[in-house]
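J.: would you be able to build a 3D model of this:
(chains A and B)
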Amino acid sequence: MYQVGNLVKELSEKHGRQRESLMPILQDIVIKHSYLTDEAMVEVAKELDISAAEVYGTASFYTFLDTQARGKYVIRICKTITCSMKGKSDIIHTIEEMLRIRVGETTADNQFSLLETNCIGWCHKAPAILINEMPYTELTPEKVSEIIKDYMQK
Amino acid sequence: MEQKALTKVGLIFEKIDPQEVLQKAYKMTSNEIIQAMLDSGLKGRGGAGFPTGLKWKYTAAEKEPDKYIVCNADEGEPGTFKDREILEKVSVKVHGGMAIAGKAIGAKKGIVYLRGEYRYMLPQIMIELSAFHKMIHDIGFDFNIEYRMGSGAYICGEESALFESIEGKRGEPRNKPPYPTVSGVFGKPTSINNVETLVSAMMIINHDAQKFSQYGTKDSRGSKVFSVSGDTPTPGIFELELGMTVQQFVNEFGDGDTKAVQVGGASGFCVPRKKFAETIIGFEGVPTGGSMKLFNSSRSMYNVLHNYLDFFTEESCGQCTPCRVGCQQLLKGIEKVKKHEVKSTYLTELTKLADSMKIAAKCGLGQSVGNAFKSIVGNFREEIIY
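T.: Numbers count the residues shown, from 1 in each chain, chains lettered A, B, ... in the order given. So this is what the prediction gives:
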């Protein structure tokens, strides 16, 4: 859990308070905190003067607007056909071993969440993952463990 | 049927002087620009293939003073990555195409809807966009572009779902009509075009309609950027003349053991080896937004179909029952057939369901699930059952 504080107000100043401002505001909260708490969504609803149900309804439609608690770094592994053909399972296995979590889980220190996702547009350089917004491609177990190690030291 | 050899073309990434092209466009009238598009035979490059000139003509005819150009950069179809490469390498041509479209239809506002998966590109694009704005304002254009981001929903590539998303709502497709040319984003007349279509439009103005229409066939004019992946020694993006056969494509990109090519991604068609020679890649044969996935004989087509159905089950927006329930039942159905919990003739029942979805689903997602299902089950029935 995090405290939203003045963030929602700041973002409403930046993006406006129209209905169309909703997505950019929610997206920026997720960039900062990885997911949306109930409290954050209620705050957004107040700022935009719409019902909290509208905010939750919109957020829950979009995969990247997570309403469940996530770690600081969200690892999304592409599971669509080409990545799946080119060794996705080995990559998942390596990450699971390193972080000691399964797909769908978050590490105890809230640093990492591991998720599967649909095609992220790197089929020619499969297998690919996203860590927050950064893509990493043409992965091997060795390569991905180096990448995760780097994030662990951040 | 008219057929072409496999020819590599270099229009999309050709080095041009964007300022010169836009100065030329600025001096043209709306009608002249639209006529150039019509003469070129350019059809939408997102996959649906609606003639771009007609789309602009209809939007131009609307009397409403506020109109929009929307660039669909929500490239979510499995196997496509061309729009990302285009935006990374030649974003100025995408923005230029939008300014030209704006001139043609009388729009002052452009919105690019970029998929959330590509957010990492945004800082670089913003730098390029501010230089672009300065350039077109110096020429005299009254036109501005802003970016809106998606958040990981495939359905938002459907034009009306994309509008809903820009408006800050759930990305659920609208009923049509009204079509976007009459009532699009914020209820205003909107021309929504794919990234590549806008670049092609820019190149048509740069050269002329004839230079573009000399490529391709009667039904599929011009060249097209293909995203090639799967079992191929040379994955990547390639701009090719339209009108080649799948066989010619496989000769160039296959690994010598290609058993099937999925043309057009999960919503497209699976072409088996025995049909390579007779199948033309284009609107007269198998249409494609550019996704070309090659599968060799080591791959199980059951796994391919299962992967696609799992994809659709997750990405169906859930708004209409035929798609929401249909996707789940097709997925469960092939699992049951594989486990021999039902007779193999159950596949016939599932095929009927896929047909019903084509008729009854509200939007292109549900309507096209049957494409992959029927072409894979039809051609690789034994791999689904055993």
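J.: how near is residue A:43 to residue A:26?
T.: Separation of residue A:43 from residue A:26 (C-beta to C-beta, to the nearest Å): 11 Å. From N, CA and C alone the C-beta is placed, and that goes for glycine too.
J.: neighbour count winner among the two?
T.: Using other C-beta atoms under 10 Å in any protein chain shown as the criterion, residue A:43 and residue A:26 rank with residue A:26 on top: 26 against 23.
J.: and the more buried one, which of the three is it?
T.: At residue A:26, secondary structure determined by DSSP: H, G, I helix; E, B strand; the rest coil is helix.
J.: list the contacts of it.
T.: Taking C-beta atoms under 8 Å, 6 or more residues apart in numbering or on different chains, we find residue A:26 in contact with A:36, A:44, A:55, A:58, A:59, A:65, B:151.
J.: for the fourth one, helix, strand, or coil?
T.: The three-state assignment at residue A:58 reads helix, by three-state DSSP.
J.: just the helices in chain A please.
T.: Under the criterion DSSP state H, helices of chain A are mapped to A:7-15, A:22-33, A:38-48, A:52-59, A:81-85, A:88-99, A:141-152.
J.: out of those, which is closest to residue B:280?
T.: Among those, the nearest to residue B:280 by C-beta to C-beta is helix A:81-85 (23.9 Å).
J.: okay, domains of chain A per the record?
T.: Annotated domains of chain A cover A:7-59, A:73-152 [automatic domain parsing].
J.: adding mean pLDDT, write those out as a markdown table.
T.: Formatted as a markdown table, the domains of chain A follow (pLDDT from 0 to 100):
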| stretch | mean pLDDT |
| --- | --- |
| domain A:7-59 | 97 |
| domain A:73-152 | 98 |
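J.: go through the ones you listed and name the closest to residue B:64.
T.: With C-beta to C-beta as the measure, domain A:7-59 is the member of the domains of chain A nearest residue B:64 (18.4 Å).
J.: what does stretch B:160-170 contact?
T.: With C-beta under 8 Å, 6+ apart, stretch B:160-170 has contacts from A:18-23, A:57-58, A:61, B:70, B:72, B:74, B:111, B:113, B:148, B:150, B:153, B:155-156, B:171-174, B:176, B:180, B:184-186, B:190, B:192, B:317, B:363.
J.: list the contacts of the residue nearest the centre of chain A.
T.: Chain A has residue A:74 as the residue nearest its centroid, 4.7 Å off, counting by C-alpha atoms, centre = their mean. Residues near residue A:74 by C-beta under 8 Å, 6+ apart: A:34, A:66, A:112, A:113, A:115, A:130, A:131, A:132.
J.: could you identify the most distant pair in those residues?
T.: In the contacts of residue A:74, two members sit farther apart than any others by C-beta to C-beta. They are A:66 and A:131, at 14.6 Å.
J.: between these two, point out the one with more neighbours.
T.: More crowded of residue A:66 and residue A:131, by other C-beta under 10 Å: residue A:66, with 20 against 17.
J.: list the contacts for the more buried one?
T.: A:30, A:34, A:35, A:36, A:74.
J.: and among the helices of chain A, the most buried is which?
T.: Burial of these is given as mean neighbour count (mean count of other C-beta atoms under 10 Å in any protein chain shown); helix A:81-85 ranks first at a mean of 26.
J.: residues near the nearest residue to residue B:235 once chain neighbours are set aside, how many?
T.: What sits nearest to residue B:235 in space, not counting adjacent residues and going by C-beta to C-beta, 6 or more residues apart in numbering or on different chains, is residue A:124, at 3.7 Å. Residue A:124: 21 surrounding residues under other C-beta under 10 Å.
J.: isn't residue A:124 right next to residue B:228, touching?
T.: Yes - counting by C-beta atoms under 8 Å, residue B:228 is a contact partner of residue A:124 at 6.8 Å.
J.: which residues do those two both contact?
T.: Here residue A:124 and residue B:228 have B:235, B:236, B:237 as joint contacts, going by C-beta under 8 Å, 6+ apart.
J.: just to revisit the earlier point, now the residue nearest to the centre of chain A: closest residue in space, sequence neighbours ignored.
T.: Using C-beta to C-beta, 6+ apart, the nearest residue to residue A:74 is residue A:113, at 4.8 Å.
J.: chain A contacts on the stretch 201-350 of chain B?
T.: Counting by C-beta under 8 Å from any C-beta of the partner chain, the stretch 201-350 of chain B comes close to chain A at B:227-231, B:235-237, B:266, B:293, B:299, B:303-304, B:307-308, B:311, B:314-315, B:317.
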